[in-house]
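# sequence below, structure please.
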Amino acid sequence: MTDNECVIHTEGLTKLYGKQRGILDIDLDIERGEVFGYLGPNGAGKTTTIRTLLHFIFPTRGRASIFGLDIKQNSLETRRRIGYLPGELEVYDNLTGAELLEFLSHLRGGVDWQYVEELAARLDYDLSQRIKTLSHGNRQKVGLIQAFMNKPELLILDEPTIGLDPLMQQEFYRLIGEVKAEGRTVFLSSHIMPEVERVCDRVGIIREGQLIAVEDIDVLKARAIRRLEIRFATPVSPAQFSDIPGVRDVQVHDNILTCTVAGELDALVKAAAQYQVVNVISHEPSMEEIFLAYYNQEDDSAA
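You can find the predicted model right below:
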């Protein structure tokens, strides 16, 4: 991969906090124009990776570059080209949203204020409100506006939709789609699986400070295990569903079939469609279930 294609590159990137683990030997390449999801449970090392890339904290060992520039030697240059939303946004509480964004705009050499107002309107945010009066969700909107407003080449977003209501989450997804359409790059940290499925091209899975997989989003979804409840109008037999590939743990009680499904749902849906279906409830897989599915399939392949 050439520097023109690779926006973020790390080799053995490690950050240790004394005897405590931060991140360990992260090798990662993120391509220009992709939306990359950095996926893992809370405390896995997502924020440590981001803070190390931005050179807010110094790596214990290893190296990293952004736009082909070493993060240590060129930290100011790389930050000028990045929009960043931290997981915990700390801002000047006595300023209004407009005053804060104007201040940050001057630090960045100016931005298109019409675009700032457009972002505020799309996120339903009142720029005249003082920061100290804002709910967590509205503070998050300020953070998103400041990250997007200078149309950076690279957006680094740490848990970007925390506190946003569903309508604003949808608007955020549209913004990400526009960034991708313009050929810009997004590095998005999250522990919310449906969000990552919705917007990302590839994902890296981090667990206990180690990058355990980098996958195309379709491959990750194929490994996921869903728990389904299907209510039928009439009784059905478990045997009619137990032999479907990927379907496990089939039980029927009071016309309700429960099961787990690994991968595609198509075969199960077609089997269920032979009967009158009253309701279907899908339980999204937890992060731990996704990890277990990943490990189990790797073990099966090795066996």
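
# let me see the contact set for K151.
D112, Y115, E182, R184 (CB atoms under 8 Å, 6 or more residues apart in numbering). In short, each C-beta sits where N, CA and C put it, glycine included.

# how much space between it and G83?
Here K151 is placed at a distance of 8 Å from G83 (CB to CB, to the nearest Å).

# can you give me the helices for the stretch 1-150 of the chain?
For the stretch 1-150 of the chain, the helices defined by DSSP state H, counting those that start in this stretch cover 46-53, 75-80, 97-107, 113-122, 136-148.

# just checking the distance from the first one to the centre of its chain.
In this view, helix 46-53 has its centroid 14 Å away from the chain centroid, taken as CA atoms, centre = their mean, to the nearest Å.

# how about residues contacting it?
8, 10, 13, 15, 22-23, 26, 38, 40, 57-59, 64, 66, 71, 87, 156, 158, 187, 189, 191, 206, 209.

# buried sites along it?
K46, T47, T48, T49, I50, R51, T52, L53 (16 or more other CB atoms under 10 Å).

# switch those residues over to CSV; also include pLDDT.
Shown next, in CSV, are these (pLDDT from 0 to 100):
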residue, pLDDT
K46, 93
T47, 93
T48, 95
T49, 96
I50, 95
R51, 95
T52, 95
L53, 96
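
# of those residues, which is the nearest to V278?
The closest of those to V278 turns out to be K46 (CB to CB; 40.5 Å).

# how much space separates that closest one from I156?
11 Å.

# F103 too?
Relative to I156, and taking CB to CB, F103 is found at 21 Å.

# could you do N150 as well?
From N150 to I156 the distance is 13 Å (CB to CB).

# name the residue in those two with the higher neighbour count.
Ranked by neighbour count (other CB atoms under 10 Å), N150 and I156 place I156 first, with 25 against 21.

# model confidence for the more buried one, exactly?
For I156, the model assigns a pLDDT of 97.

# now do the same for it: helix, strand or coil?
strand (DSSP: H, G, I helix; E, B strand; the rest coil).

# what's the neighbour count on A98?
With other CB under 10 Å as criterion, A98 counts 16.

# span of stretch 153-166 from start to end?
Distance across stretch 153-166, first residue to last, is 27 Å (CA to CA, to the nearest Å).

# quick one: contacts of that stretch?
7-8, 46-47, 50, 53-54, 66-67, 81-87, 135-137, 139-141, 144, 147-148, 168-169, 172, 179, 184-192, 195.

# again with stretch 119-132
Residues contacting stretch 119-132 (CB under 8 Å, 6+ apart): 91-98, 100-101, 116-117, 138-139, 141-142, 144-145, 148-149, 167-168, 171-172, 175.

# over to stretch 243-256?
229-238, 241-242, 257-264, 267-268, 271, 278.

# run the last query once more with 10 Å
222, 225-242, 257-268, 270-272, 275, 278-279, 281 (CB atoms under 10 Å, 6 or more residues apart in numbering).

# mind checking which of these are buried?
Burial by neighbour count, 16+ other CB under 10 Å: within the contacts of stretch 243-256 this picks out 225-228, 230, 232, 236, 241, 257-263, 267-268, 271-272, 275.

# and Q276, how many neighbours?
Going by other CB under 10 Å, the residues that sit close to Q276 add up to 10.

# OK, contacts around it?
R231, F232, A233, T234.

# of all the residues you listed, which two lie farthest apart?
R231 and T234 (10.7 Å).

# identify the contacts common to those two.
Overlap between the contact sets of R231 and T234, as judged by CB under 10 Å, 6+ apart, is given by N255, Q276, V278.

# quick one: the last one is in a helix?
No: residue state for V278 (three-state DSSP) corresponds to strand; a helix is not indicated.

# what sits closest to it if chain neighbours are left out?
Of all residues not flanking V278 in the chain, R231 sits nearest, at 4.3 Å (CB to CB, 6 or more residues apart in numbering).
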